[in-house]
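Peer 1: Got a predicted model here, sequence first, then my questions.
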Amino acid sequence: MTEQSWSQGELLYAGKAKSIYATDDPSRVMMLFRDDTSAFNGEKKEALNRKGRVNNQFNAFMMQKLADAGIETHFERVVSPQASLVKAMKMVPLECVVRNVTAGGICKRLGVPAGETLDQPIYELFLKNDELGDPMVNDSHAITFGWATAEQLADMKRLSFAVNDVFKALFAQAGLLLVDYKLEFGVYEGRLVLGDEFSPDGCRIWDAQTREKLDKDRFRMDLGDVIESYELVGHRLGIRFE
Ligand code: 5GP
């Protein structure tokens, strides 16, 4: 497919913050990052000016860093300030969370204090199911109920940690702490490939010195300056937003 032949087709899927459109190439879809922002399983919602543009360009930068490190992702290229062309994949209905520092869900679930640096990163799996509130699951559930094969689960874990090695160092160089993040994977031509997005919507990033929150927790906790913080993180990483 050439740059010129690309065109937007029908809406295939609308999530809480992104919409997926068909293109004239069945192996590619367009991912549109909307300004819509949601938290607490859709209970808190707001449209935040510039969020779609910022997250699209943030995600493109991060996916390029993974490609540079030899980690395959679905990302192909940015096609407009708010949209990117990606590989069409069959998504695995699981969310993979990696934690370097305790925060959020793990503190509530296990009663551990927030802000503790972990000797080894923790890896957790959640079922992507809004009605059930994305419950935590394990490999045994995933295999038994057919959400992923044992091989895919092993690949998801290996790749989630590989992403951590690349991103932890990248954020650290910018004086930022990558606290935790969520990844989603899909299958493309039989291979397990990283999909979805990596933006401050799906991770926790703190200033390494002050520990100020610079991610979606600003929205969740009504701290203000949500998109300004996303842009600050981007600028510190070297992103120049259009
Ligand atoms: P927690 O389990 O602490 O709520 O989330 C851990 C990390 O994964 C956080 O960085 C959070 O933003 C991200 N995360 C977990 N579930 C979701 C989700 O459904 N959507 C998004 N955007 N991020 C999620």
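Peer 2: Perfect, thanks for sending it. This one's a predicted model, so the numbers in the text were calculated from it and none came from an experiment. Numbering: from 1, shown residues only.

Peer 1: what about the helices in the chain?
Peer 2: For the chain, the helices defined by DSSP state H cover 51-68, 105-110, 139-144, 150-173, 217-220, 226-237.

Peer 1: avg pLDDT for the third one?
Peer 2: Summarised as a single mean, pLDDT over helix 139-144 is 98.

Peer 1: CA-only coordinates of that helix in CSV, if you can.
Peer 2: Coordinates of each C-alpha in helix 139-144 appear next as CSV, following Å, rounded to 0.1, in the frame of the first residue of the first chain:
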residue,chain,number,x,y,z
ASP,A,139,-2.9,-18.1,32.9
SER,A,140,-5.1,-21.0,33.9
HIS,A,141,-8.3,-19.0,33.4
ALA,A,142,-7.0,-17.6,30.1
ILE,A,143,-6.1,-21.1,28.7
THR,A,144,-9.2,-22.9,30.0
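
Peer 1: okay, now the nearest residue to Ile143 once chain neighbours are set aside: neighbour count?
Peer 2: Among residues not flanking Ile143 along the chain, Ala150 sits closest, at 5.7 Å (C-beta to C-beta, 6 or more residues apart in numbering). Just so you know, the C-beta spots here come from the backbone N, C-alpha and C atoms, and that holds for glycine as well. The number of residues packed near Ala150 is 11, by other C-beta atoms under 10 Å.

Peer 1: got it, and Gln120?
Peer 2: Neighbours around Gln120, by other C-beta under 10 Å: 7.

Peer 1: Quick check: which ranges of this structure have low pLDDT?
Peer 2: 1-5 (pLDDT under 70).

Peer 1: Show me the residue sitting in the middle of it in space.
Peer 2: Phe198 (3.3 Å; C-alpha atoms, centre = their mean).

Peer 1: and this protein, which of its residues are near the ligand?
Peer 2: 95, 97, 104-105, 134, 180-182, 201-204, 216 (C-beta under 6 Å from any ligand atom).

Peer 1: residue contacts, Arg204?
Peer 2: Contact analysis of Arg204 by C-beta atoms under 8 Å, 6 or more residues apart in numbering lists Val101, Ala103, Gly104, Leu178, Val179, Asp180, Tyr181, Lys213, Asp215, Lys216, Asp217.

Peer 1: cutoff 10 Å now
Peer 2: By C-beta atoms under 10 Å, 6 or more residues apart in numbering, Arg204 lies in contact with 99-101, 103-104, 177-182, 213-217.

Peer 1: Make a PyMOL selection of whichever of these turn out to be buried.
Peer 2: Selecting the buried subset of these in PyMOL, with 16 or more other C-beta atoms under 10 Å as the burial test, is done by:
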select buried, resi 99+100+101+103+177+178+179+180+181+182+213+214+215+216+217
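
Peer 1: tell me which of the residues of the chain next to the ligand is nearest to Phe58?
Peer 2: Comparing these against Phe58 with C-beta to C-beta picks out Asp201 as the nearest, at 9.0 Å.

Peer 1: Scan the protein for its longest strand.
Peer 2: Criterion DSSP state E: the longest strand present in the chain is strand 117-127.

Peer 1: next one: that strand to chain centre, how far?
Peer 2: Distance of strand 117-127 from its chain centroid, counting by C-alpha atoms, centre = their mean, to the nearest Å, is 15 Å.

Peer 1: any idea how far Lys213 is from Glu197?
Peer 2: For Glu197, the distance to Lys213 equals 19 Å [C-beta to C-beta, to the nearest Å].
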